[in-house]
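Asks: Provide a 3D model corresponding to the input given below.
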Amino acid sequence: MEQTALNDFGASENSVYFNCHTYDNALLASGSLLAVIDEVCSGESLNGMALIRPPGHHALKDRCMGFCFFNNVAIGARHAQQVYGLERIAIIDWDVHHGNGTAEIFEDDPNLSIIIQHTHCLYRHTLVSYLSSLVKISMKKSLQTIQILSLFFCLSSSHYCPDSRVLVQQQEISG
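Replies: Numbering: from 1, shown residues only. The predicted structure is shown next:
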C-alpha cells in the first residue's frame, strides 16, 4: 500500500496513524508476545513480560481502532489455548480507556476472564459490572498501586481460578 493510501485509511479511522512501517511493527509486536507465551508455556521461563508497541486493546476482530492494529492480548490468549491447551485464562487490561476490542472479542467466551480497569470519568459504566466472564472496573486515579493489584488478584482468583494466572495488557497511562 502506498503512503497516500495508508494516510487516507488512517484518516478514515479517525484514530489510527499509518506509515510504511506500521504493518511490520504491528507484526513484530504480536510476534514478541507469542514468543514470551511460548517460553513460559513450554517451561523455558517461569514468567515473562512483553513490552510492545503498538498496543492492541481497542482493535476489534476485523478492524483496527484507537491506535491499535492487532489485539495482541487476544492473539496471545488464543495462541495459549490452541497451542498449549490452556482452557482458562485471565486478562487484566489496565488503561485510562475502556479496552473495548478485548471485551468484544471475548465477551461470550466462558474460558476467558477479563478484568478491564479504566479511569471512571472517561467511560460511562458502573463501578463494577459483570457480563459473562467480563469484569469492568472503573477506578479513581487516587488509588494506590497495591490497592489496584489486590482488587485484580482477588477478583481473578476467587471469581475464576485461571490456568494461566494473568496476561496483562497495560496501555499508556497519562497523568
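Asks: and residue 28, how many neighbours?
Replies: 14 (other CB atoms under 10 Å). To be clear about C-beta, it is placed using only N, CA and C from the backbone, and glycine gets the same treatment.
Asks: buried ones in stretch 17-31?
Replies: The neighbour-count check on stretch 17-31 (16 or more other CB atoms under 10 Å) flags 18, 22, 26, 29-30 as buried.
Asks: tell me which of those residues is nearest to residue 51?
Replies: residue 29 (9.7 Å; CB to CB).
Asks: Confirm residue 92 sits in a strand?
Replies: Yes - the assignment for residue 92 by DSSP: H, G, I helix; E, B strand; the rest coil puts it in a strand.
Asks: measure it to residue 81 for me?
Replies: 17 Å (CB to CB, to the nearest Å).
Asks: Is it correct that residue 79 falls within a strand?
Replies: No - Residue 79 is assigned helix when assessed by three-state DSSP, not a strand.
Asks: Is it correct that it is in contact with residue 36?
Replies: No - using CB atoms under 8 Å as the test, residue 79 is too far from residue 36 to be in contact (10.4 Å).
Asks: List the buried residues in stretch 96-112.
Replies: 96-106, 109, 112.
Asks: of residue 92 and residue 81, who's got more company?
Replies: A direct count of neighbours by other CB under 10 Å for residue 92 and residue 81 places residue 92 higher, at 25 against 18.
Asks: Who does the more buried one form a beta bridge with?
Replies: residue 115, residue 168 (DSSP bridges).
Asks: thought residue 73 was touching residue 59?
Replies: No - Residue 73 is beyond contact range of residue 59, at 9.8 Å (criterion: CB under 8 Å).
Asks: I'd like to know how far the closest residue to residue 46 other than its chain neighbours sits from residue 50.
Replies: Excluding the flanking residues, the one nearest residue 46 by CB to CB, 6 or more residues apart in numbering is residue 40, at 7.4 Å. Distance, residue 40 to residue 50, using CB to CB: 10 Å.
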